[in-house]
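Asks: Starting from these lines, generate the structure:
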Amino acid sequence: MKSQFIVSSLAAAVTLSLSTGAIAKDATDTEHAFEQITVIGSHAAINDIPGSATFISDEELQKFEYTDISRVLSTVPGVYVQEEDGYGLRPNIGMRGTGTGRNDKIAVMEDGVLVAPAPYSAPAAYYFPTTGRMQSIEVLKGAASVKYGPRTTGGVLNLVSRSLPTEGSTGLVNAELGSDGFYKGHAYFGKKKNNAAGLIEVFSYGADGFKELPVGSDNTGFEKNDLLLKFGFDFGENEAHNLEMKVKYSDERSDETYMGLTDADYKESPYRRYAASQEDEMNTQHNAYQLNYAYRFGDGYEFLATAYLNDFHRNWYKASKVSESYLEQYSDFEANPTSEGIEGIGVKANNRNYQAKGIQSELHIPAGNHYITVGMRYHEDEMDRFQWQDEYTLNQDLSMTLTSQGVPGSDSNRFDSAKATTLFIQDQWTVDALVISAGLRYEDITISREEWSKSDPKRENGLTKDISNDTEILVPSLGATYTVNDNLTLLAGIQQGYAPAAPGNADQQEEESLNIELGGRYDYAGFSGEVIYFNSDYDNMHGNCTAAIGCNDDNIGDQYNYGEVSVEGFEFSAGRVFATQSASFPVRLTYTYTDSTFENDFESGLWGQVNKGDAMPYVPENQVALSFGAELSSFVFDTQMRYVSDSHADLSPTGLNAIDSRVVWDLAAKYLIDDNQKVYLTVDNLFDKTYIANRANGGIQPGKPRTLQLGYSYAF
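Replies: Model (predicted):
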């Protein structure tokens with residue numbers, strides 16, 4: 001079936017001259033735009049896309065002033081988010097049943113550039129851009145997403161940073177204080193004069209945290225800072241040439257842990273943290289550089305090129321022994337501390353350096369009824385793991401004493417790297433009301449691993465492992481939209497899903513799937529939305545080993561095989577604005593149904609025995625989001641309800657590791673002082689719902705309780 005699909009799709013792609021250029025076309029059809037940064041571009045562009053697409057505008061992002069991407073994406077159909085720290089610092093995002101571990105099965109981009117620290121060699125690395133400074137957010141699933149890769153099954157999440165002003169000056173000052181010591185400061189200023197434009201943006205936020213340690217400062221929060229600089233210049237006849245430079249810096253310090261709670265302790269005190277996690281702390285630093293060039297010539301021809309470099313350093317210093325038996329030991333000790341204390345508590349410095357760099361380009365060619373896009377990307381990335389473990393004693397007074405300091409490089413000492421060359425050609429062919437889109441993506445990928453002995457931290461005695469995995473793949477896609485009338489557009493798509501195999505496991509296979517979708521978009525009697533059926537049939541689904549999903553120290557970073565998996569479901573969204581002479585009332589409803597099934601029996605070191613017919617962990621069957629608001633002169637109110645049905649964290653036959661269903665409400669209220677100023681109040685988890693967010697490492701991590709934030713904003 002799949003081989004027939006590939007052959008037929010390739011033939012169709014060649015015949016049609018290949019492309020889904022509507023996406024690129026809408027992203028660049030703005031007068032004197034400085035940058036090529038979008039995969040959708042606007043709400044209006046969605047109708048031309050042969051797949052599920054969601055565009056979240058700046059206006060929509062300001063409704064709740066969210067800094068947590070988990071809350072932003074909860075209203076997007078077909079997207080699943082597994083919370084972890086409660087503030088969205090390290091989200092776990094999946095699409096259409098791909099799994100949610102560290103966003104490793106989707107393409108996450110900022111301004112059109114892959115943003116993971118090492119998207120090929122270490123896709124599950126812990127970095128996510130600061131959501132609060134974004135101007136818009138785009139989600140693309142289905143056949144149209146094959147252009148972006150390297151993982152093409154789930155979809156694309158593109159975060160769009162603030163654009164350079166197109167005329168005059170623009171700016172903002174926003175300050176916010178809230179529960180648990182929360183604070184936010186956000187400011188930017190941009191100006192365009194003659195052919196040049198510049199922008200500076202600062203975003204800083206943090207909190208003391210909502211969890212409670214029984215000792216020390218009781219700080220379980222974080223602080224994170226972002227600085228963004230942009231400069232653009234138009235030149236040439238009719239300003240045909242655009243050049244833009246982007247520089248970004250961010251750092252984070254968070255007192256966060258993997259150490260969850262036992263069921264008994266969660267029921268007694270859900271926001272408790274064990275004293276053994278008091279030394280846990282994440283420190284990161286991220287530097288990003290991006291240079292964009294655009295040349296617009298002829299009648300609609302465009303050449304776009306981007307060079308990028310991302311450097312990321314992280315050291316998560318955290319307790320390394322957090323299995324269920326250890327959690328019970330810590331809990332018992334805190335209840336009845338002994339003078340001997342608990343010795344030999346390992347706290348590991350998960351120290352890693354990442355780099356990703358590359359160049360990508362596109363040529364857009366209008367050719368009668370065709371709009372052709374030809375593109376390439378050359379990419380390199382790497383991860384250098386140089387880790388060690390210290391040992392502590394947990395004392396009778398619940399303080400911790402360092403008893404043995406590890407040697408850097410003596411725990412994990414390896415270097416992963418990747419080189420990838422990508423070529424794609426896509427075509428949008430318009431025949432009256434029918435738009436046929438076809439695409440072909442070629443990837444040549446080499447992923448390597450060099451490893452040294454733990455007893456050789458200086459890397460002097462030679463490699464103990466030197467392996468690589470070379471892959472060449474052709475990934476076709478075919479989609480179509482048909483405009484029935486002004487109220488209804490039908491769509492269909494078929495694509496090959498793919499993810500490369502990482503080195504480290506001799507039995508590791510590539511991930512391949514066949515993905516289809518059918519549906520339509522409608523705009524009738526004031527209601528607008530879409531209904532889409534999707535189906536993904538995996539020959540072999542990948543899992544990526546991280547501590548977040550319970551892998552042990554020796555396996556972290558490896559891949560493993562799930563085997564055959566079937567995922568199907570449908571996505572529904574509907575919205576309308578009800579208006580009177582003095583007020584308007586926007587309403588929006590989204591719903592996702594997902595049926596995920598393992599098609600074979602196997603033994604999983606992570607989940608135990610997996611039987612044919614079992615559902616995938618952390619993939620809820622039903623998700624509903626309902627939002628409605630009221631705009632009454634100077635007062636604006638918005639509320640959002642999210643329902644997630646129950647799921648499971650593993651496949652235990654006892655069912656003890658369930659993730660119960662939940663309903664969480666958020667509320668926002670604003671008073672518009674004038675056209676430039678507003679004060680606002682937001683309440684996350686309005687009814688203070690206590691719920692289990694996940695059960696990583698054998699312990700329970702709770703969702704964030706009710707928090708209030710009060711802010712003031714001045715914009716011009």
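Asks: Could you use CA atoms for every contact and neighbour count after this?
Replies: Will do.
Asks: Okay, now the unreliable bits of the stretch 1-150 of the chain?
Replies: Applying pLDDT under 70 to the stretch 1-150 of the chain flags residues 1-37.
Asks: Mind jotting down where the helices sit in it?
Replies: 2-15, 22-28, 58-64, 69-73 (DSSP state H, counting those that start in this stretch).
Asks: buried stuff in the helix or strand hosting V636?
Replies: Element membership for V636, per DSSP states H and E: strand 635-644. Judged by neighbour count using 16 or more other Cα atoms under 10 Å, the buried positions of strand 635-644 are 636-644.
Asks: do stretch 289-298 as well
Replies: So for stretch 289-298, counting by 16+ other Cα under 10 Å, buried means 289-296.
Asks: Please compute how far that stretch lies from its chain's middle.
Replies: Centroid displacement of stretch 289-298 relative to its chain, using Cα atoms, centre = their mean, to the nearest Å, is 26 Å.
Asks: Ok, stretch 316-327 next?
Replies: Per Cα atoms, centre = their mean, the centroid offset for stretch 316-327 relative to its chain is 26 Å.
Asks: Please apply the same query to stretch 140-148.
Replies: For stretch 140-148, the distance to the chain centre is 15 Å (Cα atoms, centre = their mean).
Asks: and if you look at stretch 389-403?
Replies: With Cα atoms, centre = their mean, you get 36 Å for stretch 389-403.
Asks: Residues contacting it, please?
Replies: 214-216, 275-276, 334, 337-349, 404-407, 410-411 (Cα atoms under 8 Å, 6 or more residues apart in numbering).
Asks: Just the buried positions in it, please.
Replies: Across stretch 389-403, burial judged by 16+ other Cα under 10 Å covers 389-396, 398-400.
Asks: Export those to JSON lines and append columns for pLDDT.
Replies: Below are these laid out as JSON lines (pLDDT from 0 to 100):
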{"residue": "Q389", "pLDDT": "95"}
{"residue": "D390", "pLDDT": "96"}
{"residue": "E391", "pLDDT": "96"}
{"residue": "Y392", "pLDDT": "97"}
{"residue": "T393", "pLDDT": "97"}
{"residue": "L394", "pLDDT": "96"}
{"residue": "N395", "pLDDT": "96"}
{"residue": "Q396", "pLDDT": "96"}
{"residue": "L398", "pLDDT": "95"}
{"residue": "S399", "pLDDT": "95"}
{"residue": "M400", "pLDDT": "96"}
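Asks: which among the residues you listed gets closest to R96?
Replies: Within these, the smallest distance to R96 is 37.9 Å, found for Q389 (Cα to Cα).
Asks: E328: what's it in contact with?
Replies: Contacts for E328 (Cα under 8 Å, 6+ apart) come out as T262.
Asks: Which helix or strand lies directly C-terminal to the helix or strand where it lies?
Replies: Using DSSP H and E, E328 maps to helix 324-335. Following helix 324-335 in sequence order, the next helix or strand is strand 342-367 (DSSP H and E).
Asks: Which strands or helices does that following strand pack on?
Replies: Counting contacts by 3 or more Cα pairs under 8 Å, 6 or more residues apart in numbering; DSSP states H and E, strand 342-367 packs against strand 301-319, strand 370-394.
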